[in-house]
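[1] Sharing a model prediction with you, sequence too.
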Amino acid sequence: MLVAAAVCPAPPLLVPEVAAGAAAELAAARTACSDALAVLAASRPDLLVVVGAADPDHQGPYPQGSRGSFRGFGAETGVHLGEPGPVQLGEGEEGPRLLPAPLAVGAWLLHHARWGSAPVEGFGAGEALETARCLEAGRELAARADRVALLVMGDGSACRSLKAPGYLDDRAAAFDAAAARALGSADTAALAALEPVLAHELKAAGRAPWQVLAGAAEGAGLGGRLLYEDAPYGVGYFVATWS
């Protein structure tokens, strides 16, 4: 059963070694993420699952100990999910898969917060994952243990300004406002109603992870709180807690 969740943005720039001289620009977001992780720790979960966007080749579960790297973003910084240890390989895999960037950022946040409250696993939600499948995946994650917590890594639209990665789209502000309301009020129905095609057009990578959260939280009776909302670099970033 889901007992708590934290929603955080997933840009590698949250990692100071990646941001370098621009690290201070996301200081408020990092502080909000730390506050959100404190809520997760206080929930005393039996299992924490980090959920984030992933391409089709990297979606699905990641066991505790899975490793990630920010080398592709110019930083010699490595991370792992929870305590490092043996990684169980799936059938046909030649070696452990590296964490997708959003899960690696989540692992870095947990390391930065000195997480040690429960085992940590990961789940990559592909952008093309249909809403029904996202909801189903969330229900499955919530049933993994008596007390499950989720750290959900995802960004809003990337079309909030002329210099945004997706350029300016007049629909982006309304999409992000709806997402912020849903995340801040733990509104599972509103999250489930986010349109995948529109999210894709607005480059909103958080749509699938947020809908996994919606499925996990069905019937849990959690309340939400929005801790941070901004659009630096023209990308919608949100931090919220559900408990």
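    Happy to help now that I have it.

[2] Can you show me the helices along this structure?
    Applying DSSP state H to the chain gives helices spanning 16-19, 27-42, 101-112, 131-142, 172-185, 188-192, 196-201, 207-216.

[3] Show me what the third one is packed against.
    Pointing back at helix 101-112 there. strand 2-8, helix 27-42, strand 47-54, strand 67-69, strand 78-80, strand 120-126, strand 148-153 (3 or more Cβ pairs under 8 Å, 6 or more residues apart in numbering; DSSP states H and E). From N, CA and C alone the C-beta is placed, and that goes for glycine too.

[4] Throw the helices of the chain into a markdown table and include mean neighbour count and mean pLDDT, thanks.
    Listed next are the helices of the chain as a markdown table, based on neighbours: other Cβ atoms under 10 Å; pLDDT from 0 to 100:
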| stretch | mean neighbour count | mean pLDDT |
| --- | --- | --- |
| helix 16-19 | 17 | 90 |
| helix 27-42 | 19 | 97 |
| helix 101-112 | 25 | 96 |
| helix 131-142 | 20 | 98 |
| helix 172-185 | 20 | 98 |
| helix 188-192 | 19 | 98 |
| helix 196-201 | 15 | 98 |
| helix 207-216 | 29 | 98 |
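
[5] Go through these and name the closest to Gly156.
    helix 172-185 (4.3 Å; Cβ to Cβ).

[6] Just want the angle from the closest one to helix 207-216.
    Here the directions of helix 172-185 and helix 207-216 differ by 30 degrees (axes from the mean of the first three to the mean of the last three Cα atoms, to 10 degrees).

[7] With only the CA atoms kept, save stretch 12-19 in PDB.
    C-alpha atoms of stretch 12-19 as PDB (Å, rounded to 0.1, in the frame of the first residue of the first chain):
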ATOM      1  CA  PRO A  12      20.700  16.400 -14.300                       C
ATOM      2  CA  LEU A  13      21.400  20.100 -13.500                       C
ATOM      3  CA  LEU A  14      20.100  19.300 -10.000                       C
ATOM      4  CA  VAL A  15      23.500  17.600  -9.500                       C
ATOM      5  CA  PRO A  16      26.000  20.400  -8.700                       C
ATOM      6  CA  GLU A  17      28.800  18.600 -10.400                       C
ATOM      7  CA  VAL A  18      26.800  18.700 -13.600                       C
ATOM      8  CA  ALA A  19      25.500  22.300 -13.200                       C
END
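
[8] quick one: contacts of it?
    8, 22-23, 25-26, 29-30, 33, 70, 73-77, 101, 104-105, 108-109, 233 (Cβ atoms under 8 Å, 6 or more residues apart in numbering).

[9] Please apply the same query to stretch 181-197.
    With Cβ under 8 Å, 6+ apart as the criterion, stretch 181-197 contacts 7, 128, 130-131, 135, 175, 178-179, 204, 207-208, 210-211, 213-215, 217-218, 222-226, 238, 240, 242.

[10] now swap in stretch 25-32 and tell me
    So stretch 25-32 is contacted by 8-9, 11, 13-14, 19, 112, 227-228, 230, 232, 237, 239 (Cβ under 8 Å, 6+ apart).

[11] ok, of those residues, which one's closest to Val148?
    Nearest to Val148, judged by Cβ to Cβ, of those is Cys8 at 17.2 Å.

[12] and the helices and strands packed on helix 101-112 as TSV, adding distance to Lys163?
    Shown next, in TSV, are the helices and strands packed on helix 101-112 (distance: least, Cβ to Cβ, whole Å):
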stretch	distance to Lys163
strand 2-8	23
helix 27-42	18
strand 47-54	22
strand 67-69	28
strand 78-80	29
strand 120-126	28
strand 148-153	23
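
[13] ok now do the residue nearest to Asp169 when sequence neighbours are not counted, which residues does it touch?
    Nearest residue to Asp169 in three dimensions, chain neighbours excluded: Cys159, at 3.6 Å (Cβ to Cβ, 6 or more residues apart in numbering). The contact partners of Cys159, by Cβ under 8 Å, 6+ apart, come to 165-169, 171-172, 202-203, 234.
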